[in-house]
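Trainee: build me a model from this:
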Amino acid sequence: MKKSTYLLSLLLLGSGLVTVKAQTQAQTEKQIYPIVTVPIPKEIALEVGGMTFLPNDELAVATRKGEVWIITNPYMKGGQQPKYRLFAHGMHEILGLNYIKGDLYLTQRAEITRLRDLDGDGEADEYRTMYSWPLSGNYHEYAYGPILDKDGNMVVTLNVGWIGYGASLSKWHGWMLKFTPDFKLKPFATGFRSPAAMALNSDGEIFYAENQGDWVGSGSITHVAEGDFVGNPAGLVWAGEPGSPVKLRKNDIPDTGEPEFEVAKRVPGLKTPSVWIPHSIMGNSTSGILNYTDNGNMGPFKGQLFVGDQSQSNINRVFLEKVKGVYQGVVFPFRRGFSSGILRMNWGSDGSMLVGMTSRGWSSTGKAEYGLQRLTWSGIVPFEVQTVKAQPDGFELEFTMPVDEKTARDAGAYQLSTFTYKYHHIYGSPVINKSARSIKAIVVSPDHKRVRLVLDSLKEGYIHEIKMEGLLAENDKIPLLHNYGYYTLNKIPDGEKLALTAENKPTGNVPAEHHMEGMDHHQMGNMPAAGGSVKGNTDVTKHVTQQPENWTKGPDKTIVLGTKPGLKFDLTSITLKAGTKVKLTFKNVDDMLHNFVFTTPGSGNAVGEMALKMGLDGEKYDFVPSTPKVLAYTSLLQPGKSDTIYFTVPKTPGVYPFICTYPGHYMVMKGQIKVIK
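Mentor: Residues are numbered from 1 along each chain as shown. This next block holds a predicted model:
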């Protein structure tokens with residue numbers, strides 16, 4: 001509670017005008033981290049692909065459509081509107097922009113380009129190709145960067161193509177490349193699928209963001225060293241080229257569906273993620289990475305990384321530590337609610353975070369097609385888990401403010417489990433090998449800022465889910481702003497395990513879920529947006545894949561439904577008579593996972609939102625929630641697969657939406673069945 005608010009409450013209490021509640025209202029993201037929208041002129045389609053600040057504090061923004069705009073006063077200081085001027089245009093899908101040693105450099109599809117304004121009129125008149133690479137023409141051959149490494153080399157990453165699976169159709173796609181100051185190419189590492197962003201941490205080490213796909217069970221961020229192979233085998237076709245530091249070949253990579261960590265034990269050179277970002281829970285499309293340096297002002301998390309997500313329009317927070325020479329750490333939610341899909345983030349001179357966005361036809365929970373916003377900090381310290389550090393027998397949680405000892409020592413305030421993903425050529429992965437971990441001891445530090453949890457066991461190479469739904473702050477008795485996180489345990493640290501004593505024996509044995517029953521609506525607002533609060537569908541009558549026996553004359557109507565680029569069904573309006581017996585075949589010819597879900601009138605968005613909340617089990621249930629709003633559905637389909645279902649059209653006329661419920665897709669991937677008499 002702010003001091004001024006507290007004093008005012010005391011004065012009003014003394015006058016008999018109000019009654020002070022025993023518990024302060026829970027904090028909210030909106031309260032702690034206000035978002036300010038930077039207005040964009042209607043005639044400018046600012047689909048942000050890259051951003052960088054110039055020395056005069058102007059913001060340069062590159063767009064997917066090949067333009068570079070210079071924005072004066074993006075902070076809107078003095079109540080003045082920002083001003084836009086077109087600096088460069090005519091380029092091909094710019095997905096990275098940087099100001100380096102006095103010049104603007106960017107990546108477009110086939111090259112690193114340098115822009116210069118030679119006559120000083122505020123517009124680039126020199127577009128110089130500094131290095132180019134071959135293209136096959138495949139739409140998926142995106143290029144990202146450049147950033148500078150700690151030695152002054154430029155770094156770029158190149159996507160693999162997509163032909164029903166990831167393929168390196170032209171040289172060096174699927175690679176991270178370095179360029180010396182005189183632009184000599186140095187292949188650095190491979191195994192990349194869709195490496196949408198890179199950044200240096202505070203120690204100057206390179207981390208990159210990866211997106212779910214073939215050989216990639218979920219999004220992640222990974223430390224990259226020279227000669228690393230980070231998982232997707234497509235780029236290994238170039239590993240034998242002169243200058244390649246990678247020793248592996250495609251035949252060295254087993255396709256068994258085992259966890260990637262287990263495969264890495266047998267395949268030297270395979271680098272597993274530093275931090276997994278669980279798919280559908282924390283995000284769907286990992287994007288920008290921003291190191292929290294002294295340039296920023298975003299609360300008590302200096303030295304950590306902020307990681308954006310294009311699909312869920314959110315920013316997560318990552319704390320990293322190095323154990324036995326290997327990076328690992330924990331990811332927590334940070335801020336949701338941006339207006340479009342986040343792709344790039346930069347620190348402003350005032351410590352705010354400039355966030356550049358585009359939906360790009362991929363869909364995002366933020367409904368705008370593009371946007372530019374500023375994330376600010378109110379100065380209020382949030383009650384959060386600041387860090388999680390691995391111990392030989394569990395984890396030590398450090399908080400931003402003292403934690404209430406009674407709730408901290410209650411085993412029922414926590415819920416821990418472990419899980420991982422399959423490593424295989426198939427697109428994505430369900431959660432596998434999930435199991436609960438139990439708490440054997442709890443130690444609260446004298447200052448109540450740290451809590452050590454001793455577990456029955458740890459699982460090296462696995463993701464450890466840590467939920468803390470029952471914890472409260474010591475003074476205000478408020479719950480955590482975010483009460484769940486995911487720690488990727490690549491190495492269990494050495495050290496002395498904690499001896500179990502009567503003093504550190506935890507209190508209580510109530511499952512963590514029971515703590516939800518007593519929460520008020522403010523506390524429920526801090527529950528995970530996609531943390532498993534919705535169950536999956538188990539009603540087999542909604543997924544009928546064999547023609548019903550009583551359909552003696554077969555179906556009345558046969559429908560073949562497909563997909564189009566940009567998250568679209570190829571049919572968006574179908575008219576059927578009430579009671580029609582339908583055979584529907586859904587063919588997924590896209591490059592990502594999709595399903596077909598037929599819903600009751602007006603329920604499309606509600607069902608899509610429920611799918612977002614299915615948590616770790618979502619993929620196991622095809623992201624179809626258990627609700628009477630769902631009438632029929634297909635399986636969640638891999639690219640190139642199909643599913644045929646049978647259902648009877650309802651007898652009540654009306655407009656019945658159908659959607660794809662893969663997290664985030666429902667916003668744009670939808671259609672309707674008009675039922676008539």
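Trainee: ends of stretch 253-266, how far apart?
Mentor: This stretch, stretch 253-266, spans 10 Å end to end (C-alpha to C-alpha, to the nearest Å).
Trainee: residues making contact with it?
Mentor: With contacts defined as C-beta atoms under 8 Å, 6 or more residues apart in numbering, stretch 253-266 is touched by 217, 231, 233, 236, 267, 270-273, 420-426, 432-433, 460-462, 490. In this view, the C-beta of every residue, glycine as well, is placed from N, C-alpha and C.
Trainee: among those, which ones are buried?
Mentor: For the contacts of stretch 253-266, a burial check counting by 16 or more other C-beta atoms under 10 Å picks out 217, 231, 233, 236, 270-273, 420-424, 426, 461-462, 490.
Trainee: convert the C-alpha atoms of stretch 534-553 to PDB, please.
Mentor: Output of stretch 534-553 as PDB, limited to C-alpha atoms (Å, rounded to 0.1, in the frame of the first residue of the first chain):
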ATOM      1  CA  VAL A 534      -9.900 -25.700 -17.700                       C
ATOM      2  CA  LYS A 535     -10.200 -29.500 -18.200                       C
ATOM      3  CA  GLY A 536      -9.900 -31.300 -21.600                       C
ATOM      4  CA  ASN A 537     -12.800 -32.800 -23.400                       C
ATOM      5  CA  THR A 538     -13.400 -36.600 -22.800                       C
ATOM      6  CA  ASP A 539     -16.800 -36.900 -24.500                       C
ATOM      7  CA  VAL A 540     -16.200 -39.300 -27.400                       C
ATOM      8  CA  THR A 541     -19.500 -38.500 -29.000                       C
ATOM      9  CA  LYS A 542     -18.100 -35.100 -30.100                       C
ATOM     10  CA  HIS A 543     -15.300 -36.700 -32.100                       C
ATOM     11  CA  VAL A 544     -16.900 -39.500 -34.100                       C
ATOM     12  CA  THR A 545     -14.600 -40.800 -36.800                       C
ATOM     13  CA  GLN A 546     -16.700 -43.800 -38.000                       C
ATOM     14  CA  GLN A 547     -20.000 -43.300 -39.800                       C
ATOM     15  CA  PRO A 548     -22.800 -44.000 -37.300                       C
ATOM     16  CA  GLU A 549     -24.600 -47.300 -37.900                       C
ATOM     17  CA  ASN A 550     -28.000 -45.700 -38.100                       C
ATOM     18  CA  TRP A 551     -26.900 -43.600 -41.100                       C
ATOM     19  CA  THR A 552     -28.100 -46.300 -43.400                       C
ATOM     20  CA  LYS A 553     -28.200 -44.000 -46.400                       C
END
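Trainee: buried residues in it?
Mentor: For stretch 534-553, by 16+ other C-beta under 10 Å, it's 534, 536-537, 542-543.
Trainee: what's the average pLDDT for it?
Mentor: Averaging pLDDT along stretch 534-553 yields 96.
Trainee: show me the contact partners of it.
Mentor: Under C-beta under 8 Å, 6+ apart, the answer for stretch 534-553 is 554-555, 581, 583, 610-611, 613-615, 617-618, 620-622, 624-627, 630-635, 643-647.
Trainee: could you rerun that using 6 Å?
Mentor: 581, 610, 613-614, 617, 621, 624-626, 630, 632-633, 645-646 (C-beta atoms under 6 Å, 6 or more residues apart in numbering).
Trainee: and stretch 289-306, by the same measure?
Mentor: In contact with stretch 289-306 (C-beta under 6 Å, 6+ apart) are residues 197, 199, 201-202, 209, 307, 315, 317-319, 345, 347, 351, 377, 400.
Trainee: just the buried ones from these?
Mentor: Judged by 16+ other C-beta under 10 Å, buried ones among the contacts of stretch 289-306: 197, 199, 201, 209, 307, 315, 317-319, 345, 347, 377, 400.
Trainee: circling back to that earlier point, now, the contacts of stretch 253-266 that are in helices?
Mentor: Using DSSP state H, no member of these falls within helices.
Trainee: can you tell me the SS state at residue 616?
Mentor: At residue 616, secondary structure determined by DSSP: H, G, I helix; E, B strand; the rest coil is helix.
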